[in-house]
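here is a sequence together with a model predicted from it:
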Amino acid sequence: MMSRAKTTINAPSSVVELKRPPTHPGEMLLEEFLKPLKMTQVEAARRLAMPLTRLNEVIRGKRGVTANTAIRLARLFKTTPEFWMGLQADWDLWHAARELRQAS
């Protein structure tokens, strides 16, 4: 006989319902890709063929991930452009919803 857990988890059905902002793509890039690979921003910018300032602004959350950047990141880190664009979309949606809540 199998037992079933009786605990129900009420997870948000949408990113806009989260209490805290989702992870910015730049934070994900730094913490889950660059640091584990011991890759500097200078090296990553070179391999991505993009200006260091552009990459640094993404990492610091001052700039979002564009489709162009998503493709470059996907190629370098063996992910998909959709992964990076999804992180950016979640970030943008959460912040847009927060602005609307604050304006109400």
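Arrived safely, thanks for sending. This structure is a prediction, so every number in the text was calculated from the model and none was measured.

just give me the neighbour total for residue 38.
7 (other CB atoms under 10 Å). C-beta coordinates here come from the backbone N, C-alpha and C atoms, glycine included.

ok, it to residue 89 distance?
Here the criterion is CB to CB, to the nearest Å. By it, residue 38 lies 29 Å from residue 89.

just residue 49 next, same as before
Distance, residue 49 to residue 89, by CB to CB: 24 Å.

and these two? Which one has more around it.
Higher neighbour count among residue 49 and residue 89: residue 89, with 16 against 8, using other CB under 10 Å.

by contact count, what packs against the helix or strand the more buried one falls within?
Element membership for residue 89, per DSSP states H and E: helix 81-103. In terms of contacts (3 or more CB pairs under 8 Å, 6 or more residues apart in numbering; DSSP states H and E), helix 81-103 is packed against helix 25-28, helix 67-77.

how far does the lowest-mean-pLDDT helix or strand in the chain sit from its chain's centre?
Across the helices and strands of the chain, the lowest-confidence element by mean pLDDT, DSSP states H and E is helix 81-103, at a mean of 96. Relative to its chain's centre, helix 81-103 lies at 10 Å (CA atoms, centre = their mean, to the nearest Å).
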